[in-house]
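Colleague: Sharing a model prediction with you, sequence too.
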Amino acid sequence: MALSDFFNNATVSTRPDAGALTAQKLIAASSITVDTTAGWPVSPDSVHFIIYQVDASGNKVAGTQTDWKGTVTSSTAIGSLTLKAGTDQIYPVGSKVIATPTGAWADDMVTGLLVAHEQDGTLKAGAVDVTAVIADGVVTRAKLASAVQTELNDGWTIPTQTVSSVTNNGNRSYDVVFNSTVAALLSPGMRLRTTRTVSAPAGSFYFDGVNDYFSKATPNKLTFTDNFTCSGWINLLAYQQGGIISRFNGTSGFTFRVEATGQLSLVGFNAAAGNYRWGQTYQSIPLNKWTHVAASWATGTLVLYIDGLVAPSATTTAGTAPTTIAQAGDLQLGATNGAGFLSGRGAQFAVFDAVLSAATIRSYSSQTLSGSETNLKTAHSGAGLLDLNTTTPNDMTASGALSGQGYSPYCDNYASLTTDYELVMKVNGATATVQVPEGCTIPTSGGVSAVAYSTATSPFGFTLDKGRWEVESYFGLASTSPTLTAGYKDISWKLTIPLGAWDIGFQTVFNLASTAAQTDVYAGVAMSTSTSSATDPRLTAATLRLSGASSTIRYNTNVARSQRTTLASATTYNLTVDPEAGAQIAALTLSSKSNMYAIPAGI
């Protein structure tokens, strides 16, 4: 240690011996000689000590003590003398020289500590260089000279940039805008971890599909007859007709439900069960995945949404084909008029007396509803039975159903209350477009308090389960036969894939029948960005059956195609079919349990 060091030992394993001068010390002397320095710290360490005179009886002479700092250079010599307290003077032979902590020793200690610490003992921000070793193994931003350092315990890196805003694009794609450019920091394929400012809701509803539901008799505020929206998260465990949100007494009202095929529907009734308007999607909700669903009614125009995007649907009517509904019956979650029970989990069920935009639906899906959203009439998070809208609330009564179950569509399927994970798909200046797995969202309001990134394939907490990353359009019901003329036909089966690099494809089964005995029967199928042609030969397939039979041909053929592609923007793909020209095909359908899919190339 140098003489200028602040931290100095007072002993070396044993108590230092008291010494005495063996030669006179003069004023301003740079060294002294003593009879012993046994037990004293030696050079290069510095040592604090005192010198004082003694009388004939060996007692200390008042007013003669001075405090010093120096370096033991031999067993009988101390050099580099520095006066720390008192007045320098001449000391005769026999004056005592004692190694001991002094006020100066304590001052040096405090001065040294305050270089890196605050007065309360906490470590100063920027006090520790990134190459330093932290004794407790816990590295935090406040302890680092640079905020861009790796958290040693989990492989994530904290950038200096912070998140300014978040936009939900649909199908689990988000635009994350930072306070400054991240173009030199992030690139496609990297991983992100975001931390919510406001914790996600704790839990969800559970419906057994047998007799579970929640209800509110004579519900408050549900007086609208037109222009309304229903929304919520569902995780289906089985396909059966089941109500999500309903108010229906058998003749009037509405039901927002899942059909036995997994298709999503909204049905409105007015004055009779036979007077209805029924909107139903072509595609089905997948099993065992959190999916956000919504539906709106505007003077008989029905629009249905799956994961924030409009889902192709068809509307059928009967009786008076109502364009408005009549309100009647109990408000029920998980059933319709005490029947048609939902099998699965649910969260964030809500009813608005207005037609919400797609952007608003997507935004509301990304975090728990507060209860004060514009036009919100009733909402239930799944954590309990109380209405989130506390103005004349519709608090529910349980009929077998459970709430507060430890599983939710947020924070990695409720593995945490604050942490979600993302895959970077594109970077443009301060904006990173990212994809989240099923069971994660990024709050578009409420705030992101922290963000971290990683170049590792699987940093701590990040899932590589392809099923959770998959974006899909699932057909739970066989398609209807298209017009049997040459050329590709639209069968209203679509999948919108967010931007970025993806492995995409489809799997389906042809159900094909000829009109009579034919030499061959042909049909083509393509996953295409057009509804009337095949735009990519890698996603195009054909089936051919040779036969010399004298009767009608009927057979099924399994077809699957896949490829990797990079999309500059969100792109809608269609599954189209091309029947054989002429009158050789009597019917052509695609079977149920077919799907189009996209999995991020970085997974």
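Modeller: Great, that's in hand. Numbers count the residues shown, from 1 in each chain.
Colleague: Helices along this protein, start to end?
Modeller: 103-116, 358-365, 411-414, 466-469 (DSSP state H).
Colleague: Contacts only, for the residue nearest to M527 when sequence neighbours are not counted.
Modeller: In this structure, M527 finds its nearest non-sequential neighbour in L539, 4.1 Å apart by Cβ to Cβ, 6 or more residues apart in numbering. (C-beta placed from N, C-alpha, C; glycine too.) Shown in contact with L539 (Cβ atoms under 8 Å, 6 or more residues apart in numbering): 504-506, 526-528, 561-563.
Colleague: Next, find the distance separating L539 from S562.
Modeller: 8 Å (Cβ to Cβ, to the nearest Å).
Colleague: Mind listing the shared neighbours of these two?
Modeller: By Cβ under 8 Å, 6+ apart, the residues touching both L539 and S562 are 504-506.
Colleague: Redo these as CSV? Include distance to N59.
Modeller: Listed next are the shared contacts of L539 and S562 as CSV, based on distance: Cβ to Cβ, whole Å:
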residue, distance to N59
I504, 97
G505, 99
F506, 103
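Colleague: show me what contacts the closest residue to S75 other than its chain neighbours?
Modeller: In space, and not counting its chain neighbours, S75 is closest to T37: 5.6 Å by Cβ to Cβ, 6+ apart. Contacts for T37 (Cβ under 8 Å, 6+ apart) come out as 16-17, 19, 72, 74-78, 99.
Colleague: Let's have those residues in a markdown table, adding pLDDT and neighbour count.
Modeller: Shown next, in a markdown table, are these (pLDDT from 0 to 100; neighbours: other Cβ atoms under 10 Å):
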| residue | pLDDT | neighbour count |
| --- | --- | --- |
| P16 | 92 | 21 |
| D17 | 92 | 15 |
| G19 | 94 | 23 |
| V72 | 93 | 24 |
| S74 | 93 | 12 |
| S75 | 93 | 12 |
| T76 | 95 | 15 |
| A77 | 95 | 15 |
| I78 | 94 | 25 |
| A99 | 92 | 24 |
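Colleague: Nearest to H48 among these?
Modeller: When the contacts of T37 are compared for distance to H48 (Cβ to Cβ), A99 wins out at 7.4 Å.
Colleague: For that closest one, list the residues it contacts.
Modeller: 10-11, 16, 19, 37, 39-41, 47-49 are the contacts of A99 under Cβ under 8 Å, 6+ apart.
Colleague: For the residue positioned nearest the centre of the chain, which non-adjacent residue is spatially closest?
Modeller: By Cα atoms, centre = their mean, the chain has its centre lying nearest to D420, at 1.8 Å. Closest residue to D420 apart from its sequence neighbours, by Cβ to Cβ, 6+ apart: C440 at 4.2 Å.
Colleague: Quick check: beta-bridge partners of A560?
Modeller: Beta bridges link A560 to Q507, judged by DSSP bridges.
Colleague: For the stretch 101-250 of the chain, which segments are assigned as strands?
Modeller: Secondary structure of the stretch 101-250 of the chain (DSSP state E, counting those that start in this stretch): strands at 149-150, 157-158, 163-170, 173-178, 191-196, 204-208, 213-216, 228-236, 242-248.
Colleague: Can you add mean neighbour count, mean pLDDT and distance to L369 and give these back as JSON lines?
Modeller: Formatted as JSON lines, those follow (neighbours: other Cβ atoms under 10 Å; pLDDT from 0 to 100; distance: least, Cβ to Cβ, whole Å):
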{"stretch": "strand 149-150", "mean neighbour count": "16", "mean pLDDT": "46", "distance to L369": "37"}
{"stretch": "strand 157-158", "mean neighbour count": "18", "mean pLDDT": "93", "distance to L369": "30"}
{"stretch": "strand 163-170", "mean neighbour count": "19", "mean pLDDT": "97", "distance to L369": "14"}
{"stretch": "strand 173-178", "mean neighbour count": "22", "mean pLDDT": "98", "distance to L369": "19"}
{"stretch": "strand 191-196", "mean neighbour count": "22", "mean pLDDT": "96", "distance to L369": "15"}
{"stretch": "strand 204-208", "mean neighbour count": "25", "mean pLDDT": "95", "distance to L369": "14"}
{"stretch": "strand 213-216", "mean neighbour count": "24", "mean pLDDT": "97", "distance to L369": "16"}
{"stretch": "strand 228-236", "mean neighbour count": "25", "mean pLDDT": "98", "distance to L369": "9"}
{"stretch": "strand 242-248", "mean neighbour count": "26", "mean pLDDT": "98", "distance to L369": "13"}
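Colleague: What's the separation between the closest residue to Y410 other than its chain neighbours and N428?
Modeller: Here the nearest residue to Y410 in space, its sequence neighbours aside, is A200; by Cβ to Cβ, 6+ apart that works out to 3.7 Å. Distance, A200 to N428, by Cβ to Cβ: 28 Å.
Colleague: W233 now?
Modeller: Distance from W233 to N428, by Cβ to Cβ: 30 Å.
Colleague: neighbour-wise, which of A200 and N428 wins?
Modeller: More crowded of A200 and N428, by other Cβ atoms under 10 Å: A200, with 26 against 11.
Colleague: what residues are up against the more buried one?
Modeller: Applying Cβ under 8 Å, 6+ apart, the residues contacting A200 are 367-368, 408, 410-411, 414, 417-418.
Colleague: which residues touch S231?
Modeller: Neighbours of S231 in contact, by Cβ under 8 Å, 6+ apart: 292-295, 305, 348-350, 352, 356, 361, 364-365.
Colleague: what's the least confident helix or strand in this protein, going by average pLDDT?
Modeller: Least confident helix or strand, the chain: strand 149-150 with a mean of 46, by mean pLDDT, DSSP states H and E.
Colleague: Name the member of the contacts of A99 with the most neighbours.
Modeller: Going by other Cβ under 10 Å, F49 tops the contacts of A99 with 29 neighbours.
Colleague: Tell me how this structure divides into domains.
Modeller: Listed domain ranges for the chain are 19-111, 219-379, 471-600 (source: automatic domain parsing).
Colleague: In space, what's closest to Q161 - neighbours in sequence excluded?
Modeller: F178 (4.2 Å).
Colleague: and what of P286?
Modeller: Y474 (5.1 Å).
Colleague: Now do the same contact list for that neighbour.
Modeller: 262, 283-286, 593-595.
Colleague: if we go to 7 Å?
Modeller: 283-284, 286, 595 (Cβ atoms under 7 Å, 6 or more residues apart in numbering).
Colleague: Just send the residues you listed back as TSV, with neighbour count, distance to T485 and pLDDT too.
Modeller: Output for these, formatted as TSV (neighbours: other Cβ atoms under 10 Å; distance: Cβ to Cβ, whole Å; pLDDT from 0 to 100):
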residue	neighbour count	distance to T485	pLDDT
Q283	26	25	92
S284	24	28	94
P286	20	33	94
N595	21	27	90
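Colleague: Of these, which belong to strands?
Modeller: Under the assignment DSSP state E, the contacts of Y474 contribute 283-284, 595 to strands.
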